[in-house]
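>>> fold the following.
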Amino acid sequence: MKKLVLFICFFFITSSQSFAIDSRVENVFGDFLKKLETRYSLSQREIVLTSLRDKVSSFKNQEKYKNLISVLSDISTLNNEALYKIWLEKNLAHTDQQILEIKQRKVLKSNTINPSLPSSVSSLIWADREYIETNWEREFVKDGDIYKVDYSTYFPITVSNFLTLKSKSGIIVPWDGGEYRFVESYSFDKKIPYSELDNFFDIYITDKHRVIQKSDGYHGYNFTNFRFYEDTYGVYESQLKNSGFDYKTTLLYKNEQWSYNFIVEYDDYRIAKIQDILGVPEKHLFLDYLREDAKFQTADISWELAKIKNISKTLTEGKTPDQSIGAIYDWILSNVSYSQNIDLSDEKIFSWIETFKNGEWVCTGYTKLSSYLFYFAWHYDVEVIRGNVIDAEDFPEIGHAWLRIWDLYYDPTFDDPIWAQDTKSKDQYKYFWLPRDIFYANRFEYGDMPEAFKTASAAQIDQHIFNTLSNLIPKYQSQLDLYPVFAPVQFKKTYNISAGTIITPELLALKIWSYNVDSETLKFTQNGDEKSITSLRYYPLTTKNTQAVLDIFNYKTDNLYLFNWGSSTSNPDWRLAYDLKTR
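Model (predicted):
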């Protein structure tokens, strides 16, 4: 593997010209793929190409290969396209359906074993009349395929008429109750297995990938109505013929229950041009996210994709993978805001395109836009995850979305709260670069949450999160400063505040300190010394926002001052000050 990459790099080290994809790199890589196909299975090829992807990524981040970055980028592009084709081959395959079909043919054969026949029937068989052993649906197996005998008229075979039937041409079939029929006029209707139907229909999609590549780009499909047949094996040729399906335009769709459906009415829309997303890692996921969003658009989104691609390149060029993740996260929090006025019935609020255009929307827009920036920066194993955050104000009515990159998790929405006056600095990020056990202390993916949480009280939920994080403190003892999510737990444990207790300005003053400030002279007394405030920055504190404001400072209060502005006891004006200067 390493030799292959080094060989390609060495081959082009003296090249003085650079192209979108160097044709010589393309030729060498094409020969490499052909060798893989002749020597390895599909799964083995995927392992090899995944290993190559990792190796090339590591080379791109090494200083000694900087002069080969163009060649390495070409290899990454071609390799990602090859991985996408393998993904398609695996996920569009009919393996499970083919196994089911083999089993059904075996069962049908075992149920149609030739029994001992009455002499009248045997006599006709000896007279070269074909006997076809069918089941009660008139089906039988021949040459590995299932057929159905269609007929409308027949002669019951009896002792009194079998001699007359010898003069006729036809076939013999069994029927219920030990009856046998002689059929002169008949036809055989082949049952086409579902696993072979994509040989008939031009457009075959699955629940995992409702995307087709056409000459002008990638297309997505939306539909609500479909037709299906109850049979789990397949559909008869006569049914297809009489259905009126146009093989060129009707969609063959396999849903997540592995049921095959036929869609005649649907929306077909272009997601992206081929060149727009050439070589994007994890292309099947990228296309799926694009498909969800592109259905809301009436105009071509290529311009938006190009802008996102350029932003990603500008943010990450020359940076290590970790640095580029941080740069993209910073950009999202600086350029996107959570919308305070949302209509959940308007699906556009979940679109990355609308988020990018408007600079605001909701969690799904944050995470999708983030994922596109990561993909265009050549990050792979990026996933948008949906679920519930159990301590969110809108839980359980409204779900949430966040990101996984490799084995670490990110939530740009929760690091950019509505009430924040300024974008946080990186050391204030609470949901950035978190291991799974820490990140999931307050959330579940859809389908994983125990039912009890839906009816749990806020106090019970707070206690669960508090206990979960408390139990993790020993594991991360030496790294607690890296994970601000532990800060409120440590703070409450230090000051003996119970998990479900909401920290208010009054409680903060009781547990720590506060100073009364004369609003006219701006003076306060500290440790017996009178001081005059010359400048400060502050957050006004209320019962509702105190914990949120403490979050901004990671609950580190050493350089903070809690002031009661005006010194009123009946109606205190609480302010949490920082950057304080006095004389």
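
>>> show me how far the helix or strand where residue 404 lies is from its chain's centre.
Residue 404 belongs to strand 400-405 when elements are defined using DSSP states H and E. Once both centres are worked out by Cα atoms, centre = their mean, to the nearest Å, strand 400-405 turns out to sit 10 Å from its chain's centre.

>>> so which elements touch the helix or strand that comes right after it?
Under the assignment DSSP H and E, the closest C-terminal helix or strand after strand 400-405 is strand 408-410. Applying 3 or more Cβ pairs under 8 Å, 6 or more residues apart in numbering; DSSP states H and E, we find strand 408-410 packed against strand 400-405, strand 434-435. For glycine as for every other residue, the C-beta is placed from the backbone atoms N, C-alpha and C.

>>> direction included, what does the shortest one pair against?
I take that to be strand 434-435. strand 408-410 (antiparallel) (DSSP bridges).

>>> can you count the residues close to the nearest residue to residue 175 once chain neighbours are set aside?
What sits nearest to residue 175 in space, not counting adjacent residues and going by Cβ to Cβ, 6 or more residues apart in numbering, is residue 181, at 5.5 Å. By other Cβ atoms under 10 Å, the residues close to residue 181 number 18.

>>> now do the buried residues in the helix or strand where residue 107 lies.
Using DSSP H and E, residue 107 sits within helix 95-110. The neighbour-count check on helix 95-110 (16 or more other Cβ atoms under 10 Å) flags 97, 100-101, 104-105, 108 as buried.

>>> repeat that for stretch 397-412.
For stretch 397-412, a neighbour-count test (16+ other Cβ under 10 Å) marks 399-405, 408-412 as buried.

>>> tell me who's in contact with residue 104.
Contact analysis of residue 104 by Cβ atoms under 8 Å, 6 or more residues apart in numbering lists 146, 232-233.

>>> and the contacts of the strand holding residue 404?
Residues outside strand 400-405 that contact it (Cβ under 8 Å, 6+ apart) are 325, 363-364, 366-368, 370-371, 374, 379, 381-389, 392, 409-414, 431, 439, 443.

>>> one more time with 6 Å
363-364, 367, 370, 382-386, 389, 410-411 (Cβ atoms under 6 Å, 6 or more residues apart in numbering).

>>> just flag the most distant two among those.
The span of the contacts of strand 400-405, defined through Cβ to Cβ, is set by 382 and 389 at 20.2 Å.

>>> what helices or strands is the longest helix belonging to the chain leaning on?
Secondary structure of the chain per DSSP state H: the longest helix is helix 69-91. Packed against helix 69-91 by the contact rule (3 or more Cβ pairs under 6 Å, 6 or more residues apart in numbering; DSSP states H and E) you find helix 23-39, helix 42-60.

>>> ok, back up a step: dump the helices and strands packed on strand 408-410 to a markdown table, plus distance to residue 547.
Putting these into a markdown table (distance: least, Cβ to Cβ, whole Å) gives the following:
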| stretch | distance to residue 547 |
| --- | --- |
| strand 400-405 | 19 |
| strand 434-435 | 19 |
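
>>> among those, which comes closest to residue 42?
Residue 42 lies closest to strand 400-405 among these, at 25.8 Å (Cβ to Cβ).

>>> what about stretch 126-137, start to end distance?
26 Å (Cα to Cα, to the nearest Å).

>>> quickly note the distance from the residue lying closest to residue 197 once chain neighbours are set aside to residue 289.
Excluding the flanking residues, the one nearest residue 197 by Cβ to Cβ, 6+ apart is residue 252, at 5.5 Å. Distance, residue 252 to residue 289, using Cβ to Cβ, to the nearest Å: 24 Å.

>>> what of residue 210?
From residue 210 to residue 289 the distance is 12 Å (Cβ to Cβ).

>>> do residue 414 as well
Using Cβ to Cβ, residue 414 is found at 20 Å from residue 289.

>>> same check on residue 368?
As defined by Cβ to Cβ, residue 368 lies at a distance of 5 Å from residue 289.

>>> quick one: contacts for residue 454?
residue 396.

>>> give the helix, strand or coil label for it.
Put simply, residue 454 is helix when judged by DSSP: H, G, I helix; E, B strand; the rest coil.

>>> straight-line length of stretch 466-479, end to end?
End-to-end for stretch 466-479, by Cα to Cα: 18 Å.

>>> and that stretch, what's buried?
So, applying 16+ other Cβ under 10 Å, buried residues of stretch 466-479: 466, 469-470, 472, 476.

>>> out of those residues, which is nearest to residue 545?
Nearest to residue 545 among the buried residues of stretch 466-479, with distances taken as Cβ to Cβ, is residue 466, at 20.1 Å.

>>> check whether that closest one really touches residue 498, as I assumed.
No: taking contacts as Cβ atoms under 6 Å, residue 466 lies outside contact range of residue 498: 8.4 Å.

>>> pLDDT value on the closest residue to residue 305 other than its chain neighbours, please?
Spatial nearest neighbour of residue 305, excluding adjacent residues (Cβ to Cβ, 6+ apart): residue 276 at 4.8 Å. For residue 276, the pLDDT comes out at 88.

>>> adjust the sequence numbering to begin at 41 for everything that follows.
Renumbered: residue one is now 41, and that last one reads residue 316.

>>> nearest spatial neighbour of residue 278, skipping sequence neighbours?
Nearest to residue 278 is residue 229, by Cβ to Cβ, 6+ apart, at 5.0 Å.

>>> for the one you found, helix, strand, or coil?
Residue 229 ends up strand, using three-state DSSP.

>>> surely it meets residue 190?
Yes: Residue 229 lies in contact with residue 190 (Cβ under 6 Å); the separation is 5.4 Å.

>>> more neighbours: which of the two?
residue 229 (17 against 14).

>>> who's in contact with that one?
Residue 229 neighbours (Cβ under 6 Å, 6+ apart): 188, 190, 276-278.

>>> inside helices: which ones of these?
277-278.

>>> for the contacts of residue 229, work out which two are farthest apart.
Maximum distance among the contacts of residue 229 (Cβ to Cβ): 10.8 Å, for 190 and 277.

>>> you'd agree residue 93 is up against residue 119?
Yes: using Cβ under 6 Å, residue 93 makes contact with residue 119 at a distance of 5.4 Å.

>>> pick out the shakiest of the helices and strands packed on strand 448-450, pLDDT-wise.
strand 440-445 (a mean of 93).

>>> may I have the strands that pair with it, each with its orientation?
The pairing partners recorded for strand 440-445 under DSSP bridges are strand 422-429 (antiparallel), strand 448-450 (antiparallel).

>>> out of the helices and strands packed on helix 109-131, which is the most enclosed?
helix 82-100 (a mean of 17; mean count of other Cβ atoms under 10 Å).

>>> ok, and what's touching that helix?
41, 45, 76, 105, 112, 115-116, 119, 122-123, 126.

>>> so where's the stretch 441-590 of the chain shaky on pLDDT?
457-467 (pLDDT under 70).

>>> can you check the stretch 141-290 of the chain too?
Within the stretch 141-290 of the chain, the ranges that satisfy pLDDT under 70 run 152-155.

>>> please, where are all the strands along it?
All strands of the stretch 141-290 of the chain, identified by DSSP state E, counting those that start in this stretch, fall at 170-171, 179-182, 185-190, 195-196, 211-214, 220-223, 227-233, 243-246, 251-254, 257-262, 274-276.

>>> so the residue nearest to residue 278 bridges to which residues?
Counting by DSSP bridges, residue 229 is bridged to residue 188.

>>> next one: it from residue 235, what distance?
18 Å.

>>> go on, residue 602?
Note on residue 602: its distance to residue 235, by Cβ to Cβ, is 70 Å.

>>> just put the buried residues of stretch 437-452 in TSV and tack on distance to residue 132.
Formatted as TSV, these follow (distance: Cβ to Cβ, whole Å):
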residue	distance to residue 132
439	29
440	31
441	27
442	29
443	27
444	25
445	27
448	31
449	30
450	31
451	33
452	33
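
>>> which one of those is nearest residue 501?
Nearest to residue 501 out of the buried residues of stretch 437-452 is residue 440 (Cβ to Cβ; 14.4 Å).

>>> and the gap between the closest one and residue 374?
For residue 440, the distance to residue 374 equals 21 Å [Cβ to Cβ].

>>> try residue 581
Distance of residue 581 to residue 374, computed by Cβ to Cβ: 26 Å.
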